[in-house]
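[1] Pasted the sequence and its predicted model underneath.
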Amino acid sequence: MSTTESPQITTDTKRTAADQATKGTKGTQETLEDYTLRFAPRSYRRWTPMVVATTALGGIAYMADFSIGAGIGLAHGTGNALVAIAVAAVVIFITGFPLAYYGARYNLDLDLITRGSGFGYYGSVVTGVIFASFTFIFFALEGAIMAQGLKLGLGLPLWLGYAVSTLMVIPLVVYGMKALSTLQVWTTPIWLLLMVGPLVYLVANDPGTVERFLAYPGTDGDGAVNTASVLLGAGVCLSLIAQIGEQIDYLRFMPPKTEANKRAWWTAVVMAGPGWVVLGALKQAIGVFLAVYILAEVGPAAAPEPIQQFRSAFEAMMPAWMVVPLAVVLVVISQIKINVTNAYSGSLAWTNSFTRVTKHYPGRMVFVLVNLAFALILMEADMFSFLGSILGFYSNCAIAWVVTVATDIGINKYLLKLSPLQPEFRRGMLHAVNPVGVVAFAAASGLSIAMYFHLLGDTLQPYSPVAAAVIAFVVTPLMAVVTRGRYYLRRTDDGIAEPLLDGDGNPSAATLDCHVCHQPYERPDVTACVTHDAVVCSLCLSTDKLGDHVLPATV
């Protein structure tokens, strides 16, 4: 098809995903699949900016922050812990901002953004697996915390608690954004009240708790702030940098940005995008506070456990009969709120990677079960007891990935103008592998992991997270300059004359029918077909084993 010819455009945007699901095949049942591998169309994005933001922020209700903060504080002292938490929060906010903006503006998840931001169509498979690993690691962590609560409150053995915490999220994850938005909006006020109430009471009733908290020296030193302790603690906190991927899994359902809603739109994107780390950092600091508060009572082994932290906090402010039930309710609500997100986002990441490699689309629910199986194995292996080591190692890969993509957007696109400003994710439009992102990621993660495992000496070991960020930040634009941006786009024209963006710069809502699956898709999700005077959707392109519909390279 020539670039001047355009297939017949339809304007019936009222044909929603739910309508299509009743008549489509498995790959087009979008109500259940939640646009796993593709652009999220305007016809589906009916939520207001604040509903999307509340849903996204509901996913960070996890209790792991309390454990992470407590572990850092007990090891290195309050001063080092607070500085480490702040350093990590600044890095996460800065790198998360461009990613959140692109996800919300162009309605793509982080894997689709990664493809066109330095990695290529197949190059981002590795980062997809890294993100999927993030989701099941943190699912396992939250599941372990819930199992601790069920053991304390109901006497369930841990192995059974692990199974319960895993199986209970499956019904909620099946229906994607529609079910998750309702769950997160209604449970968030209860969660906030149960989390903040005890802290306010303790500080108001016994101001001395603040003094003891600030003076705690830690077990590994004298409490003085030092660079090595701060960086070790920051490395653990920075393992959460990949959380922005889960935030974007919700932000991609933002409504179009217009002059009328731009204030609410920007508020929602900043608050629920990089702004998640503000609440995350506060929870980590609270975790240090509560661990110091209960240390003498439960000992250093149990002090990082959120169920013990809140049990002791509730004991100080209410009758004994209410303590354990409320602590269990808090833990269960938190675990459900985050683990539906972990299971959901993990299924998207696994499906994306698997479909590109095999050119077969098994359906998102298959990988919900795969992700949960990995998480359950980690729980049964007692990963909670070596949490710090897992997160410290993992953070090197996560930092390298996120910083590479954020740098490509911020510098290569806007400053150097070597990377295409508009994100591209469709097969045929991208090169298979882009050395800009792949080389930067490999160099940053490889060297930082070597430092983490002392291969470059003991002195450099605490600096591995810093190395991951700095190397990714430097090598990404360097590779773009060296390659002169030649490996971003395989072709600059998708063969359709209809513009991709509307007058406000939002993805166009005009729809076209895919001649392979015979379903309507919005303009950004289709390209011209190389063998027919028609268009083909991005999923049919992904599953085209012979490449019969893929456009040829032109650059």
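    Cool, got the structure. Numbers count the residues shown, from 1 in each chain.

[2] what residue ranges in this protein are flagged as low confidence?
    Residues of the chain meeting the criterion pLDDT under 70: 1-34, 36, 59, 174-186, 220-221, 384, 387-388.

[3] Which SSE is immediately downstream of the helix of greatest length in it?
    Assignment by DSSP state H gives helix 320-358 as the longest helix of the chain. Following helix 320-358 in sequence order, the next helix or strand is helix 364-380 (DSSP states H and E).

[4] any idea how far that following helix is from the chain center?
    The chain centre lies 17 Å from the centre of helix 364-380; the measure is CA atoms, centre = their mean, to the nearest Å.

[5] Kindly report the same for stretch 410-425.
    Mean-position distance between stretch 410-425 and its chain equals 22 Å (CA atoms, centre = their mean).

[6] same question, stretch 422-438
    For stretch 422-438 - counting by CA atoms, centre = their mean - the centre lies 21 Å from the chain centre.

[7] And that stretch, end to end?
    Separation of the first and last residues of stretch 422-438 by CA to CA, to the nearest Å is 20 Å.

[8] what comes up buried for it?
    Of the residues in stretch 422-438, 423-431, 433-438 count as buried by neighbour count, 16 or more other CB atoms under 10 Å. Using the backbone N, CA and C atoms, a C-beta is placed for each residue, glycine as well.

[9] if we can go back for a sec, helices and strands around the longest helix of the chain, which ones?
    Packing partners of helix 320-358 (3 or more CB pairs under 8 Å, 6 or more residues apart in numbering; DSSP states H and E): helix 110-114, helix 125-154, helix 170-174, helix 176-205, helix 243-251, helix 306-315, helix 364-380, helix 538-542.

[10] can you list contacts of the first one?
    Same thing as helix 110-114. 38-39, 99, 102-103, 106, 124, 127-128, 131, 244-245, 248-249, 348-349, 352-353, 401, 405, 409, 423, 425, 437 (CB atoms under 8 Å, 6 or more residues apart in numbering).

[11] go on, the last one?
    The contact list for helix 538-542 (CB under 8 Å, 6+ apart) reads 27-28, 37-39, 355-356, 359, 361, 425-428, 514, 516-517, 521, 525-527, 549-550.

[12] again, only this time at 10 Å
    Residues outside helix 538-542 that contact it (CB atoms under 10 Å, 6 or more residues apart in numbering) are 27-28, 30, 33, 35-39, 112, 121, 352, 355-356, 358-361, 425-429, 514-517, 519, 521, 524-527, 529, 547, 549-551.

[13] Quick check: phi and psi on residue 529?
    phi -100, psi 140 (degrees, to the nearest 10).

[14] Make sure it is actually in contact with residue 552.
    No: using CB atoms under 10 Å, residue 529 is not in contact with residue 552; the gap is 11.8 Å.

[15] the more surrounded of those two?
    Taking residue 529 and residue 552 together and counting by other CB atoms under 10 Å, residue 529 has the greater number of neighbours (24 against 9).

[16] can you pull the contacts of the more buried one?
    When contacts are counted by CB under 10 Å, 6+ apart, residue 529 touches 1, 7, 428, 495, 514-516, 535-536, 540-541, 544, 548-551.

[17] Show me the one in the residues you listed that has more neighbours than the rest.
    Using other CB under 10 Å as the neighbour criterion, residue 536 leads the contacts of residue 529 with 29 neighbours.

[18] ok, what's across the strand from that one?
    Beta-bridge partners for residue 536, by DSSP bridges, are residue 527.

[19] list the contacts for it?
    By CB under 10 Å, 6+ apart, the residues touching residue 536 are 426-428, 512, 514-517, 521, 525-530, 544, 548-551.

[20] now do residue 390
    Residues in contact with residue 390 (CB under 10 Å, 6+ apart) are 137, 140, 141, 236, 239, 378, 383, 384.

[21] Tell me the one of those nearest residue 155?
    Ranked by distance to residue 155 (CB to CB), the contacts of residue 390 are led by residue 384 at 19.0 Å.

[22] Pull out the buried residues from stretch 312-326.
    Within stretch 312-326, the residues that count as buried by 16+ other CB under 10 Å are 312, 313, 314, 315, 317, 323, 324, 326.

[23] Could you check how far it is from the centre of its chain?
    Centre-to-centre, stretch 312-326 and its host chain are 34 Å apart (CA atoms, centre = their mean).

[24] Can I get that stretch as PDB, trimmed to CA atoms?
    C-alpha atoms of stretch 312-326 as PDB (Å, rounded to 0.1, in the frame of the first residue of the first chain):
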ATOM      1  CA  SER A 312       2.400  -3.600  68.900                       C
ATOM      2  CA  ALA A 313       1.300  -0.200  67.600                       C
ATOM      3  CA  PHE A 314      -2.400  -1.200  67.900                       C
ATOM      4  CA  GLU A 315      -1.800  -2.600  71.400                       C
ATOM      5  CA  ALA A 316      -0.800   0.800  72.600                       C
ATOM      6  CA  MET A 317      -4.100   2.400  71.600                       C
ATOM      7  CA  MET A 318      -7.000   0.000  71.800                       C
ATOM      8  CA  PRO A 319      -8.400  -3.000  73.800                       C
ATOM      9  CA  ALA A 320      -6.500  -6.300  73.500                       C
ATOM     10  CA  TRP A 321      -9.400  -8.100  71.800                       C
ATOM     11  CA  MET A 322      -9.200  -5.700  68.800                       C
ATOM     12  CA  VAL A 323      -5.500  -5.700  68.300                       C
ATOM     13  CA  VAL A 324      -4.800  -8.900  66.300                       C
ATOM     14  CA  PRO A 325      -8.000  -8.700  64.200                       C
ATOM     15  CA  LEU A 326      -7.200  -5.200  63.100                       C
END
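
[25] if I read this right, residue 47 contacts residue 250, doesn't it?
    Yes: taking CB under 10 Å as the definition, residue 47 is a contact partner of residue 250 at 9.3 Å.

[26] Between those two, tell me which one has more neighbours.
    Between residue 47 and residue 250, residue 250 has the larger neighbour count (other CB under 10 Å), namely 30 against 20.

[27] How about the more buried one: what's its closest non-neighbour residue?
    With sequence-adjacent residues excluded and distances taken as CB to CB, 6 or more residues apart in numbering, residue 250 is closest to residue 56, at 3.7 Å.

[28] What values do phi and psi take at residue 549?
    Dihedral angles for residue 549 - degrees, to the nearest 10 - are phi -110, psi 0.
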